[in-house]
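>>> Just a sequence and a predicted model for now, questions to come.
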Amino acid sequence: MIPTNPAFAFTTVTLTVADEWETAAAIYSDTSGIKGRAATVLAARNGAVWATTSSAVYRLDNGHVSEVQATRWGQLFEDHQGTLYLASDGGLEYFKGDRFAPVPRIPAGAIDAIAEDSKGTLWLAHRTAGLLHRGRDGSVGRIPWVDLLGRQDRASTLLVDPTDDSLWMGVPLVTLIGATVVGRAGYSQLANLGLPELVASNPDSYVAIAASLAGDLERLSRLRRTLRMRMQQSPIMDAKRFAANVELAYRGMWRRWCAGRVR
């Protein structure tokens, strides 16, 4: 079943990015005195680089490193308006002035993941309270894990659907491949749905594909009838396969560590 909201909660692992983050933090640690193991690194819109470790939050600005506050394994996030958030075992905070302050109406407790949808709503994976959503007006809603997942559990990663559920509702999309993870999300979905012909590699082909699709009413009708079934039968909704792949990734990381190939 696909939730009716635009956020999906599930477990995932990204090895390459994690390795890059840890390497970057290790370099700064050697030269600037950053303490603890690397957790997250974020390049803010204003040019500053922020990092969290197992002991503190650091700000790197023009080569200068400053410790902002002590914390354990916090996760940094910047919304589209440039507000910087810190999600940690203590809850959700935002950077105000020269320090992090608690976000109003968010219950205390561990926040395992954070994401923002196209409407500016923040989605929070609260370890005990469930899936929280905070609107631009500051209002906070809650979906208990038992209602969302069918059991009392938690999520380690939140992924916002870039199509806002249009594919599930039978509305096709045309996407232009970008250079970032976000810029390739549409391509990932269309490839898994067996629709690579709706993926463009340059702006001219994007316009051509969109114009062709818009003028083919029979094809549009066929896609509207079959897109939901395509999703149900695709790897996108194959939870058992996804879980098995995550387990293989963890097993591979453990074997590499045991073999001494991980620094």
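On my side now, so go ahead.
>>> Can you name the residues that contact residue 107?
The neighbours of residue 107, taking Cβ atoms under 8 Å, 6 or more residues apart in numbering as the test, are 91, 126, 129, 132. (C-beta placed from N, C-alpha, C; glycine too.)
>>> and with 7 Å instead?
126, 129 (Cβ atoms under 7 Å, 6 or more residues apart in numbering).
>>> mean confidence score for the helix or strand containing residue 209?
With the criterion set as DSSP states H and E, the secondary-structure element containing residue 209 is helix 203-214. Here helix 203-214 scores 93 as its mean pLDDT.
>>> Which of the residues in it are classified as buried?
For helix 203-214, the neighbour count (16 or more other Cβ atoms under 10 Å) marks 206, 209, 213 as buried.
>>> Give me the nearest residue to the first one, chain neighbours excluded.
This points to residue 206. If the residues on either side of it in the chain are set aside, residue 206 comes closest to residue 200, at 3.7 Å by Cβ to Cβ, 6 or more residues apart in numbering.
>>> bridging residues for the one you found?
residue 176 (DSSP bridges).
>>> Number of residues surrounding it?
Using other Cβ atoms under 10 Å, residue 200 has 19 other residues around it.
>>> Next one, pLDDT for it please.
At residue 200 the predicted local distance difference test score is 95.
>>> That one reaches residue 210, doesn't it?
No. Judged on Cβ atoms under 7 Å, residue 200 makes no contact with residue 210 at a distance of 8.3 Å.
>>> on that earlier part again, which residues sit in contact with the residue nearest to residue 206?
With Cβ under 7 Å, 6+ apart as the criterion, the residues that contact residue 200 are 174, 175, 176, 206, 209.
>>> residue nearest the centroid of this protein?
Centrality entry for the chain: nearest residue to the mean C-alpha point is residue 159, 4.4 Å, by Cα atoms, centre = their mean.
>>> would it count as being in a strand?
Yes. With the criterion set as DSSP: H, G, I helix; E, B strand; the rest coil, the secondary structure at residue 159 is a strand.
>>> Would you mind giving me the confidence score for it?
Residue 159 is assigned a pLDDT of 73 by the prediction.
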